[in-house]
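J.: After the sequence you'll find the predicted model.
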Amino acid sequence: MTNILTWYGHATLGLETGGYHLLIDPFFEGNPAAQGDPNTVKADYILVSHGHGDHIGDAEKIARRTGATIITVNEIAVWFRSKGFEKVHGQHIGGGFRHPFGYLKLTLALHGSVLPDGSCGGNPCGFLLTTNDGKKIYTAQDTGLFGDMRLIGEEGLDVAVVPIGDNYTMGPDDALRAVRLLEPRQVVPIHYNTWDLIKQDPQAWAAQVEWKTGSTVSVLKPGESLEF
Ligand code: NI
Ligand code: MN
């Protein structure tokens, strides 16, 4: 079985695993870095890490078109249900559930989570997925560095996806420290170069990481994929 991770730009990820299409933090419209079309992108499941507009983005629109199940923290799950969505699965940090596509656990994230309409989105999260063929992928989404990344690393990660943009999330230096704690086989940087405020040089970061850790860095261009 092949797992295909696609970076659509910013923090928007697609994961194809065992024939299922997962879409994480879909933000296409209004995203200057986006590659991909919210009107055609496939989704069986939409994962939302927190309430900020650059993550909840087009989730509503894509869920209506595709009928995808939305998976998110319970507060945001309740918010989606109040908008009439029925295929919504609320989880929370530290809690895992065996979905048809694999075992998904929500992880700690140090960030905020107010929804675009001002509603409280509860606590933000990251995602740790064990696929049905036993691969482990951790997507940190928006977070600062935290020491318990070491505990996530103990799971034995095939892939880690980490923000490097700085200002709103970890910057390059803390993202390097994150890689040291996570010890993934491969790492993919996200949440940079969408706007000038989070401008970074991913190749320079990749060189540092590969010099100072045992991880391999895959710097994707928006729209590109990584197989694992
Ligand atoms: Ni955010
Ligand atoms: Mn963000």
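T.: Cool, got the structure. Ligands and ions are numbered 1, 2, ... in the order given.
J.: gap between Asn193 and ligand 2?
T.: Between Asn193 and ligand 2 the distance, using Cβ to the ion, to the nearest Å, works out to 13 Å. The way it works is simple: take the backbone N, C-alpha and C, and place the C-beta from them, glycine included.
J.: Number of residues surrounding the closest residue to that residue other than its chain neighbours?
T.: Once flanking residues are discounted, Asn193 sits nearest to Lys199: 5.8 Å by Cβ to Cβ, 6 or more residues apart in numbering. Using other Cβ atoms under 10 Å, Lys199 has 12 neighbouring residues.
J.: gap between Lys199 and ligand 1?
T.: 17 Å.
J.: Can I take it that Ala206 is in a helix?
T.: Yes - under DSSP: H, G, I helix; E, B strand; the rest coil, Ala206 falls within a helix.
J.: Can you tell me which residues in the protein are near ligand 1?
T.: Selection of the chain residues close to ligand 1 by Cβ under 5 Å from the ion yields 52, 142.
J.: Name the spans of the chain whose pLDDT lies under the cut-off.
T.: Scanning the chain for pLDDT under 70 picks out nothing.
J.: What parts of it come near ligand 2?
T.: Proximity of the chain to ligand 2, by Cβ under 5 Å from the ion, involves residues 54, 142.
J.: At which residues are the helices of this structure located?
T.: 53-56, 59-66, 74-82, 149-153, 172-182, 202-212 (DSSP state H).
J.: tell me the angle the last one makes with helix 172-182.
T.: Between the direction of helix 202-212 and that of helix 172-182, the angle (axes from the mean of the first three to the mean of the last three Cα atoms, to 10 degrees) works out to 40 degrees.
J.: Same question for the second one.
T.: Helix 59-66 and helix 172-182 meet at an angle of 60 degrees, taking the same axes, to 10 degrees as the criterion.
J.: Next, the angle helix 74-82 makes with helix 59-66.
T.: Using the same axes, to 10 degrees: helix 59-66 against helix 74-82 is 50 degrees.
J.: Can you give the contact residues for helix 59-66?
T.: Contacts of helix 59-66 with the rest of the structure, by Cβ atoms under 8 Å, 6 or more residues apart in numbering, involve 23, 25-26, 38-39, 41-44, 46, 48, 68, 70, 80, 83, 85, 87.
J.: possible to save the helices of the chain as CSV with mean neighbour count?
T.: Shown next, in CSV, are those (neighbours: other Cβ atoms under 10 Å):
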stretch, mean neighbour count
helix 53-56, 20
helix 59-66, 18
helix 74-82, 18
helix 149-153, 18
helix 172-182, 20
helix 202-212, 15
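J.: Of all these, which one is nearest Ala160?
T.: Closest of these to Ala160 is helix 172-182, at 4.7 Å (criterion: Cβ to Cβ).
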